[in-house]
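Participant: can't give you the sequence, but here's the structure:
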């Protein structure tokens, strides 16, 4: 029964009855709850059933192991209740001559429903108030009664499905009783994040970027939930201050939030209807400015040529030949560590009699480029090709879901440089800084340096119109890098 009330055969007394879900019958010990309400009045029975149903539903929830309420349960309750009320209200208005465009049933469909669902029909009939003799008023009263009945069904469905404490259950009934009076703002929920992820994947965004941004949004959602705050510019600012991160990192958090906000405004109807007149809460935040010495200290420092030799010699002494090769290639190409680790034997090409590394993928469009092979590393490259067992020049044991091969080697390099006394400002990327610095100090023009290391110049002349330096110019430029081979001057 929709109202869970029955009468036993030959009795006028009302009973409340609740079927035990199959998944917890064994734990409960029986398949049905039933209790006499000791009244023949249907209205009294409707009121008296609630205490028993609440107790039984609590037992079912406990047997299921406390099914946690979703973050947006209040949204779901209000949305469901408003939908039901809207449908009922539309039918009421149709009675007095207003246009009704909602679902309709033919007389045949209605009769089939009555025949196939006698229990539901009986429940509805029992919930109907006494007739007044006025046909229109009786229909309006009937719609009101059905609305109340459906609200009971909504409440029961939520209570059976999830675990509510006393306060939450009180909130549930208030939301159902007065859904239009509730100011429930949409939340950053698991379901919304899943749709946002799917949208980003369809755009071809890198998986690692998607994961990182989703992680940031999950942290924000947890903060708002734990502190009972709505999503506003003030709450975002408060959250950022709890993170204790550098301004550059906080900018990434704001970017993730802003991307989500713009998606939700465009693709989430409830989000759009609630927030359409509000400014993006992730914009116009005053982050701490890093100036002067602090800004200089935060920049990655370069290695001197003597530093690089010392790093390679230490790696060689420890039997870490891969780090020696990686450092050598990093200096003589100016390439990023992941670009080097992705190079394959098939990426060695010849253009106009010049040997090149063909870097086919990079973090930026400008990073997709061809870098001449410096004469000092030709022998190393030939050895790597000969020794390769999987086609990659740099052997790596790293295997992560982003298909990145440099992780383990980057960490190994980090331990090596730390043991040699280098601090946080010196990382593998500092080798790239050294290469760029050395090229400039050997009078290589800026646009050619940018072409070699995969940077845009910021000038339309070079970034848009120019087709770049010739192979001969590029090999001439890269050859100006001084040898740093271990045990050589």
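Facilitator: Sure, I can see it. These numbers come from a predicted model, not from an experiment.
Participant: all contacts plus neighbour counts: C-alpha atoms, from now on.
Facilitator: Noted.
Participant: Any idea which residue is closest to the centre of this protein?
Facilitator: The centre of the chain sits closest to residue 214, judged by Cα atoms, centre = their mean, with a distance of 2.8 Å.
Participant: Okay, buried residues for the one helix or strand residue 156 maps to please.
Facilitator: Assigned by DSSP states H and E, residue 156 belongs to helix 135-161. Neighbour counts over helix 135-161 (16 or more other Cα atoms under 10 Å) mark 138-156, 158-161 as buried.
Participant: Next, the angle helix 135-161 makes with the following helix or strand past that helix.
Facilitator: Once the chain leaves helix 135-161, the next helix or strand it forms, by DSSP H and E, is helix 166-177. Inter-element angle recorded for helix 166-177 and helix 135-161: 150 degrees (by axes from the mean of the first three to the mean of the last three Cα atoms, to 10 degrees).
Participant: Which other helices and strands does helix 166-177 contact?
Facilitator: The elements that helix 166-177 packs onto, with contact taken as 3 or more Cα pairs under 8 Å, 6 or more residues apart in numbering; DSSP states H and E, are helix 73-95, helix 135-161.
Participant: so how far is that helix off the chain centroid?
Facilitator: Averaging C-alpha positions (Cα atoms, centre = their mean, to the nearest Å) puts helix 166-177 30 Å from its chain's average.
Participant: ok, now stretch 269-283?
Facilitator: Relative to its chain's centre, stretch 269-283 lies at 18 Å (Cα atoms, centre = their mean).
Participant: For that stretch, give the mean pLDDT please.
Facilitator: Here stretch 269-283 scores 90 as its mean pLDDT.
Participant: Residues touching that stretch, excluding its own?
Facilitator: Applying Cα atoms under 8 Å, 6 or more residues apart in numbering, the set of residues contacting stretch 269-283 from outside is 185-186, 231-234, 236, 254-255, 257-258, 261, 264-266.
Participant: Out of these, which end up buried?
Facilitator: Among the contacts of stretch 269-283, the ones that count as buried by 16+ other Cα under 10 Å are 186, 231, 233, 236, 254, 255, 257, 258, 261, 264, 265.
Participant: Going by distance to residue 433, which of the residues you listed wins?
Facilitator: Relative to residue 433, the closest of the buried ones among the contacts of stretch 269-283 is residue 255; by Cα to Cα it sits at 26.8 Å.
Participant: Which elements pack onto the helix or strand containing that closest one?
Facilitator: For residue 255, the host element (DSSP H and E) is helix 247-267. With contacts taken as 3+ Cα pairs under 8 Å, 6+ apart, helix 247-267 sits against helix 190-202, helix 207-226, helix 269-275.
Participant: can you give me phi and psi for residue 44?
Facilitator: Here is the backbone geometry of residue 44 (degrees, to the nearest 10): phi -70, psi -40.
Participant: Just after the lowest-mean-pLDDT helix or strand in the chain, pick out the following helix or strand.
Facilitator: Using mean pLDDT, DSSP states H and E, the weakest-scoring helix or strand in the chain turns out to be helix 292-298, at a mean of 52. Using DSSP H and E, the helix or strand that follows helix 292-298 in sequence is helix 305-317.
Participant: If you count neighbours, what's buried in the following helix or strand past that following helix?
Facilitator: With elements assigned by DSSP H and E, the helix or strand that comes after helix 305-317 is helix 321-333. By neighbour count with 16+ other Cα under 10 Å, helix 321-333 contains the buried residues 322, 323, 324, 325, 326, 327, 328, 329, 330, 331, 332, 333.
Participant: again with stretch 30-42
Facilitator: Of the residues in stretch 30-42, 34, 36, 37, 42 count as buried by neighbour count, 16+ other Cα under 10 Å.
Participant: For my notes, confirm residue 356 occurs in a strand.
Facilitator: Yes. Using DSSP: H, G, I helix; E, B strand; the rest coil, the assignment for residue 356 is a strand.
Participant: burial count for it?
Facilitator: 20 (other Cα atoms under 10 Å).
Participant: among the helices and strands packed on helix 247-267, which is nearest residue 352?
Facilitator: Minimum separation from residue 352 across these (Cα to Cα) falls at helix 207-226, 37.3 Å.
Participant: Now find how far off-centre the helix or strand following the closest one is within its chain.
Facilitator: Downstream of helix 207-226, the first helix or strand assigned by DSSP H and E is helix 233-243. Averaging C-alpha positions (Cα atoms, centre = their mean) puts helix 233-243 19 Å from its chain's average.
Participant: helices or strands next to helix 233-243 in the packing?
Facilitator: Identification of packing neighbours for helix 233-243 by 3+ Cα pairs under 8 Å, 6+ apart yields helix 207-226.
Participant: Now do the helix it packs on: which elements does it pack against?
Facilitator: The helices and strands touching helix 207-226, judged by 3+ Cα pairs under 8 Å, 6+ apart, are helix 190-202, helix 233-243, helix 247-267.
Participant: now, of those, which is deepest in the fold?
Facilitator: Highest mean neighbour count among these (mean count of other Cα atoms under 10 Å): helix 247-267, with a mean of 17.
Participant: Count the neighbours of residue 73 for me.
Facilitator: By other Cα under 10 Å, the residues close to residue 73 number 14.
Participant: Please disregard the earlier target; I meant residue 434.
Facilitator: Neighbours of residue 434 under the rule other Cα under 10 Å: 20.
Participant: That one and residue 154, how far apart?
Facilitator: Distance, residue 434 to residue 154, by Cα to Cα, to the nearest Å: 67 Å.
Participant: Likewise for residue 445?
Facilitator: 72 Å.
Participant: Please report the distance of the closest residue to residue 126 other than its chain neighbours from residue 6.
Facilitator: Excluding the flanking residues, the one nearest residue 126 by Cα to Cα, 6 or more residues apart in numbering is residue 42, at 7.2 Å. Using Cα to Cα, we find residue 42 at a distance of 10 Å from residue 6.
Participant: Sweet, I'm off.
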